[in-house]
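Q: After the sequence you'll find the predicted model.
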Amino acid sequence: MLEPTLIPKRKLPRYGFHTHTERLNGRVAMLGFIALLVLEFKLGHGVISW
């Protein structure tokens, strides 16, 4: 049996769950959380108060 000489390259789709988009989403979420903590520290109270 012969092995194929050409291995096809996979193209990543432009939408959906992928490692690079999930990594970017996680980094932006961490930056937003830190910004919220800094804002609460500067204001002296929570942003959402009941």
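A: Thanks, I have it.
Q: Is the most centrally placed residue in the chain in a helix, a strand, or coil?
A: For the chain, the residue lying nearest the average C-alpha position, counting by C-alpha atoms, centre = their mean, turns out to be Asn25 (1.9 Å). Classification of Asn25 by DSSP: H, G, I helix; E, B strand; the rest coil places it in helix.
Q: count of neighbours near Gly26?
A: 10 (other C-beta atoms under 10 Å). Every residue, glycine included, has its C-beta placed from N, CA and C.
Q: contacting residues for it?
A: Listed by C-beta atoms under 8 Å, 6 or more residues apart in numbering, Gly26 has no contact partners.
Q: For the chain, just list every one of the helices.
A: With DSSP state H, the ranges of helices along the chain come out as 19-43.
Q: pLDDT weak spots in it?
A: 50 (pLDDT under 70).
Q: quick one on the thing from earlier: please report the distance of the residue nearest to the centre of the chain from Arg14.
A: Computed as C-beta to C-beta, to the nearest Å, the Asn25 to Arg14 distance reads 15 Å.
Q: can you check Met30 too?
A: Taken as C-beta to C-beta, the span from Met30 to Arg14 is 25 Å.
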